[in-house]
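Engineer: here is a sequence together with a model predicted from it:
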Amino acid sequence: MWVWLLKASGALWWAKRDLRESGAIVVLTLHRVLRNAERASTLSQPGMVVSEDSFRRLVPYLTGSCEPVDLAHARPGEPGRKVKVALTFDDGWKDNYSVALPLARAHRLPLTIFVCTGLLDRETPFWPERVVRILRASDPAITTDEIEGVIEVLKQKTPTDRDVTIARLAESASVGAEARSDADRTFGWHEAATMRLEGVRFGSHTHTHEIATSIDGVALREELRQSKREIERRLRTRCDLLAYPNGNCSRDAARIAVEEGFRFAFTTHRGPWTASTDPMAIPRVNTSEGNLVGLRGRFSVAMFEYTTFWKSWRATKRAAARTAVASA
C-alpha cells in the first residue's frame with residue numbers, strides 16, 4: 001500500500017529527481033541469481049537470493065530507466081538525466097557466471113564482483129549455509145527468522161568461538177559440520193578469467209570472508225593483502241575495490257585498507273554514494289527477491305524504486321538531520 005501511495009503522490013519521482021540532480025550513485029548489492037530448482041534446494045538465506053525471472057526483468061529496467069555506471073570509472077557528483085546505478089555481486093557464487101552474466105551481458109550492463117579468493121571453486125564454502133543445514137536437520141520446524149537470528153549471533157563472535165559453536169551445534173544434531181550442495185558452489189578462477197574477458201570488474205571481499213571487526217589488524221591486513229595479490233596475479237588486472245564482509249567496517253579497517261592499496265571500499269549501509277561520501281565507507285543497497293516483487297510475486301518497478309531509491313534518499317535526509325542536530 002505504501003509503495004503505491006508514494007508513487008501516486010509523486011514522492012518516488014521527487015526522490016529520484018533529487019538523487020539524479022545531486023549526481024548520486026546508487027550501488028546495488030546482490031549475491032545470488034537462482035533458477036527455480038536451485039532456489040528450492042539452496043541453503044542460502046532469502047535475503048541473498050534473487051530469482052532468475054526477477055533479474056531478467058530488473059536488468060532492462062536498469063539499462064533503460066537508469067544510467068548504469070562502471071565502478072572502475074564511477075565518480076559521484078555529476079548530475080545526470082537518469083538516476084545512476086552500479087551493480088555489484090558479493091562472494092563469487094557460480095550462478096553469477098551461469099545465470100547473471102548472460103543476462104547482464106545481453107543488455108551491456110556493467111558488473112563488479114567482489115570475491116573471496118580463498119573460497120572459490122568450492123561447494124558450500126561459507127559457514128552460514130552450513131548453519132542452515134544443521135539447524136534444519138535438528139529442528140525441521142525452525143523458522144527462517146529463527147535461523148537468521150542464530151546466524152546474526154554467530155556473526156558477533158570471533159572466528160574461533162564461532163567455529164566451536166557450529167561444531168557443537170552439528171554434534172548435537174548428529175550432522176556433519178561440513179555441507180555439500182551443488183546449488184551452493186562458488187565459481188573458479190577459469191570462470192573468473194572468462195568473465196574478466198567479458199568486461200566484468202573484480203574486487204576483494206577478503207580472502208576467507210572473515211568480518212573485519214571480528215579479527216585483529218594483523219589478520220585483516222593478511223586477508224586484504226592475500227586477496228588483492230591473488231586477483232591481480234590470476235586475472236592480470238588491478239584490484240583496488242573492496243567490499244567489507246557483512247558490510248562491517250571501522251576506522252582501523254578503513255586505514256588498513258588504504259595502506260594495502262584499496263581506493264574504494266563498500267559497506268552494506270543503505271544510502272547513495274555522493275560526492276561527500278567517505279570513499280572507504282561507501283553505502284550500498286541490498287537487493288533480494290523481497291525488494292523486487294510486488295503483491296503478485298512478480299517484478300515490480302514501484303517496489304524496486306521504493307526499496308532502492310526512496311529508502312536511499314530517506315537515509316541521506318535522516319543523516320543530514322542528525323548532522324544538523326549535532327552541530328546546533
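Structural biologist: Here it is on my side, so go on.

Engineer: which ones are touching Ser300?
Structural biologist: 3, 292-294 (Cβ atoms under 8 Å, 6 or more residues apart in numbering). All C-beta spots, glycine's among them, are computed from the backbone N, C-alpha and C.

Engineer: could you rerun that using 10 Å?
Structural biologist: 3-4, 54, 57, 291-294, 306-307 (Cβ atoms under 10 Å, 6 or more residues apart in numbering).

Engineer: quick one: least confident of the residues you listed?
Structural biologist: Among these, Trp4 carries the weakest pLDDT, at 68.

Engineer: got the contacts of Ser300 as a markdown table, with distance to Arg122, neighbour count and secondary structure columns?
Structural biologist: Below are those laid out as a markdown table (distance: Cβ to Cβ, whole Å; neighbours: other Cβ atoms under 10 Å; DSSP: H, G, I helix; E, B strand; the rest coil):
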| residue | distance to Arg122 | neighbour count | secondary structure |
| --- | --- | --- | --- |
| Val3 | 39 | 19 | helix |
| Trp4 | 43 | 15 | helix |
| Ser54 | 26 | 22 | helix |
| Arg57 | 31 | 18 | helix |
| Asn291 | 28 | 20 | helix |
| Leu292 | 28 | 23 | coil |
| Val293 | 30 | 19 | strand |
| Gly294 | 36 | 15 | coil |
| Tyr306 | 36 | 22 | helix |
| Thr307 | 31 | 20 | helix |
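
Engineer: turn the residues you listed into JSON lines, columns for distance to Trp273.
Structural biologist: As requested, the contacts of Ser300 are exported to JSON lines (distance: Cβ to Cβ, whole Å):
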{"residue": "Val3", "distance to Trp273": "24"}
{"residue": "Trp4", "distance to Trp273": "28"}
{"residue": "Ser54", "distance to Trp273": "24"}
{"residue": "Arg57", "distance to Trp273": "25"}
{"residue": "Asn291", "distance to Trp273": "18"}
{"residue": "Leu292", "distance to Trp273": "21"}
{"residue": "Val293", "distance to Trp273": "26"}
{"residue": "Gly294", "distance to Trp273": "27"}
{"residue": "Tyr306", "distance to Trp273": "19"}
{"residue": "Thr307", "distance to Trp273": "17"}
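
Engineer: return the set of residues that bridge with Leu28.
Structural biologist: For Leu28, the beta-bridge partners under DSSP bridges are Leu87, Val285.

Engineer: these two touch, right, it and Leu71?
Structural biologist: No: with contact defined as Cβ atoms under 10 Å, Leu28 does not count as touching Leu71 (11.1 Å).

Engineer: what do these two both touch?
Structural biologist: With Cβ under 10 Å, 6+ apart as the test, Leu28 and Leu71 both reach 86-88.

Engineer: quick one, which of these are buried?
Structural biologist: 86-88 (16 or more other Cβ atoms under 10 Å).

Engineer: Thr158: which of the contacts of Ser300 is nearest?
Structural biologist: Nearest to Thr158 among the contacts of Ser300, counting by Cβ to Cβ, is Asn291 at 31.4 Å.

Engineer: measure that closest one to Val285 for me?
Structural biologist: Going from Asn291 to Val285 by Cβ to Cβ, to the nearest Å gives 8 Å.

Engineer: shared neighbours, the two?
Structural biologist: Counting by Cβ under 10 Å, 6+ apart, the shared contacts of Asn291 and Val285 are 28, 304, 307-308, 311.

Engineer: where does the stretch 201-328 of the chain dip in pLDDT?
Structural biologist: Within the stretch 201-328 of the chain, the stretches with pLDDT under 70 are 321, 323-328.
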